[in-house]
Structure formats: C-alpha cells, structure tokens
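S.K.: okay, structure incoming, though there's no sequence with it:
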C-alpha cells in the first residue's frame, strides 16, 4: 500500500527566508504527487501536482516542488516566505491505473509558522 | 474555486443520535470523497464514490454510511453518533487522479 511521510510536524521560518518542506512516499511505481495548503478554519487548496514530465513543477503562490525518484521524495520549496504563507501543508500520493478507485493518501501535515 | 458546498458547516449533537452531512457539487465530477481530519492524523478517507450508487469504503469507514443518488450529491450518515466521531469532515471531488482532488469548506461536528 502507498504511504506518505512528512517528517517535520512544525517548522518556523523568518519572513523572507527560504523554505523547504519534506515529503517522502512509498509506492511501487511513479505515482501522482500533490501538495495542498490549509489555512486555519479552511478547506485544502491544491498548490501543485506532478504525474509526468519535468521533475520540477511550479505551483501557485510562488511554490515549487521537485520529484526525485531515487529518493522517493517530493519536497516543496519557496525562495522567500511571506507571513501569509503560515498554514498547514499536506503532501499526498495518488495511485496510477486504479480502475474504479481514484484515491489519495495524505501525509500528516507540516505546520508552518512565519516570524516577522 | 471548484463548486463544492457542505452542509451544515457546524453541528453539535448528542451521543446516539443520527447525523447526516451533505456534500453538493456543481462540477459534474465523477468521484466524490468523505474525509475526516483529526490532529496528528492528517486526512483519513471514510468512504468514496465513483459514480451514482457506486460507493466503497475507505480506511476509517466503521460507524459511517454513504449514499449517492445523484451525481451532484454525496451524503455521509453517522447512524448513531459517538464522541470519537467528533471531527472536521471534508468532502472532495475529482474527475481523475492525475488532476487531484478539490475540497469543500468542511463541517465541524461535535458529539457530546
């Protein structure tokens, strides 16, 4: 079965600093990969996705992520964090060729705090 | 934003009472999902649907049932609510795995 690990429960960065959130997955082949963001009291918003092609993908709000097959990782990055980026971030993996299923497995999330 | 609404947005109920949460979409997507979100657990899939009247269990389906009689509506029922079902419930929709899932605003359910 597929699984996702987000090793950092909580990260604090200063505004303007760079950010990298880690995500490792377990899956037998190249999966679909996603990053979501959740602001307090809100639903999840899709930041970016990867399922083929260029391993560096660009998303909304200035985020990017890089797929590294050899490391089974899909880390999220942003060169300069803004105070409004404070939120919880979830990595997710989806199966390919699932027949009737189209399910995602989510990591437990990383809470980002931004200090001014 | 994808057209997904959830109702009610907040509900407080007593142990042992039945509760139904509704998810409504205007996107005509094939797949619909119910998740629960609890601290330290991320999102866990309760049930999902891959078409009208076609549903299947997720990883935490005990105590929950679902129904989908129309493409746009997916109902989650707690037959007899327990305190362990206090949670935030999210509905999501998708057309296929590769594009990801789009989430509703959530329903905060408290079982006293």
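M.R.: That came through, no problem. Not measured: the values here are computed from a predicted model.
S.K.: switch to C-alpha atoms for all contacts and neighbour counts from now on
M.R.: OK.
S.K.: pull up the residues of chain B that are close to chain A.
M.R.: For chain B, the residues found near chain A under the criterion CA under 8 Å from any CA of the partner chain are B:31, B:40-44, B:50, B:90, B:96-106.
S.K.: now a ChimeraX select for only the buried ones of these.
M.R.: ChimeraX command restricting those to the buried ones, with burial defined by 16 or more other CA atoms under 10 Å in any protein chain shown:
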select /B:31,42,43,44,50,90,96,97,98,99,100,101,102,103,104,105,106
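S.K.: quick one: residue B:81 is in a strand?
M.R.: No: counting by DSSP: H, G, I helix; E, B strand; the rest coil, residue B:81 is not found in a strand; it is coil.
S.K.: wait, it touches residue B:20, no?
M.R.: No: assessed by CA atoms under 8 Å, residue B:81 is found out of contact with residue B:20, at 10.1 Å.
S.K.: can you give me the neighbour number for residue A:79?
M.R.: 13 (other CA atoms under 10 Å in any protein chain shown).
S.K.: okay, now the unreliable bits of chain B?
M.R.: Residues of chain B meeting the criterion pLDDT under 70: B:1-2.
S.K.: could you find the residue in it that comes nearest to chain A?
M.R.: At 4.0 Å from chain A, residue B:42 is the closest residue in chain B, using CA to the nearest CA.
S.K.: tell me how many other residues surround residue A:46.
M.R.: So residue A:46, with other CA under 10 Å, has 20 neighbours.
S.K.: mind listing what residue B:63 touches?
M.R.: Counting by CA atoms under 8 Å, 6 or more residues apart in numbering or on different chains, residue B:63 makes contact with B:78, B:79, B:80, B:81.
S.K.: what residues does chain A put near chain B?
M.R.: Residues of chain A lying near chain B by CA under 8 Å from any CA: A:32, A:34, A:42-46, A:49-51, A:90, A:94-96, A:100-109.
S.K.: re earlier: among the contacts of residue B:63, which ones are buried?
M.R.: For the contacts of residue B:63, buried by 16+ other CA under 10 Å: B:78, B:81.
S.K.: can you spell out which residues form a bridge with the closest residue to residue B:33 other than its chain neighbours?
M.R.: Distance criterion CA to CA, 6 or more residues apart in numbering or on different chains; nearest residue to residue B:33, sequence neighbours excluded, is residue B:48 at 4.2 Å. Beta-bridge pairing of residue B:48 under DSSP bridges involves residue B:33, residue B:56.
S.K.: lovely, talk soon.
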